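# just need the structure, nothing else, for what follows:
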Amino acid sequence: MTKTIKDYFKEFEDKVAGIEARIVEDKIINDEIVRTFDLIRPRIFKNFGLIKRFIKAQPLENQRDLWVTIIDLLNDSKAFNDEIKEEIREDLLVDCFKELENLNKETIHLQSHTQKNTTVKGNSEKANKPDTTVKGNAKKANKPDAKFNWQGTQAQLVYLIEQLYKQGFLSPIIQPEKHRLTAQHFTVKGKNLNQKNLAQARDNSLKTKKGKPKRGEEIEQIISAVKKQNPNKN
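Predicted coordinates:
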């Protein structure tokens, strides 16, 4: 039977649970005092390496969901049941987010490379294609706007996106990528967006007394109502 990511995590979790961690205990090795944390951490990370190798062996398009699954499993695991292991859990989560960040960069690079090749090929085909500019413009004029046109403020849109990521409705990605995708898929009252302004809007909201934009509570109420209908979201 083929193992799943949850099978590998269960094996890892059992090994972690079997490692005894005592916060008060130090060991003397080669006349140097070594904290129990320094002894346990390498063992746990070595066992975690099997999960990392399994994920990286999967197709690139599947790896993001697998990392998100591992992050959820780490957060819910009962094997990290003392102060030392809790600290190691945080280190493992940081490692997972780094892998996600690297995966995002790799995906963007591949997309850019693919788009570049497509553009070159398209230009070559266009050079040998009869002129259909008038017909093409007519079709373009009748094509609906592909972006979502947000009717609130830019700050409110940024806050909504942030809440969707925070509450687990969207898979975790790095902050600049959030702004890039928001600018790619949204306009605000018909106006295009850019990443720099979105980042500034987020920073300005965080600096306010409530740490959120005007009517931010209404956005939170909407997210809360959706969560009640989908109890599987943490």
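
# tell me the SS of T187?
What DSSP: H, G, I helix; E, B strand; the rest coil gives for T187 is strand.

# okay, helices next: where are they in the chain?
5-17, 36-56, 60-76, 83-127, 133-141, 154-166, 175-185, 195-206, 216-229 (DSSP state H).

# among the ones you listed, which is nearest F148?
The closest of the helices of the chain to F148 is helix 175-185. By C-beta to C-beta, the value is 6.1 Å. (C-beta placed from N, C-alpha, C; glycine too.)

# looking at stretch 214-226 now, give me its mean pLDDT.
Mean pLDDT, computed over stretch 214-226, is 85.

# ugh, wrong one, I meant stretch 59-70
Stretch 59-70 comes out at a mean pLDDT of 90.

# show residues contacting that stretch.
5-6, 9, 51, 55-56, 58, 96, 99-100, 103, 106-107, 110, 171-172 (C-beta atoms under 8 Å, 6 or more residues apart in numbering).

# which residue sits closest to I71 in space, ignoring its chain neighbours?
C96 (5.1 Å; C-beta to C-beta, 6 or more residues apart in numbering).

# correct me if wrong: that neighbour contacts L74.
Yes: with contact defined as C-beta atoms under 8 Å, C96 reaches L74; the gap is 7.0 Å.

# pop the domain breakdown of this protein in here.
5-107, 148-229 (automatic domain parsing).

# so how far is the last one off the chain centroid?
Meaning domain 148-229. 15 Å (C-alpha atoms, centre = their mean, to the nearest Å).

# which ones are touching the nearest residue to E177 once chain neighbours are set aside?
Excluding its sequence neighbours, the residue lying closest to E177 (C-beta to C-beta, 6+ apart) is N104, at 5.5 Å. The neighbours of N104, taking C-beta under 8 Å, 6+ apart as the test, are 173-174, 177.
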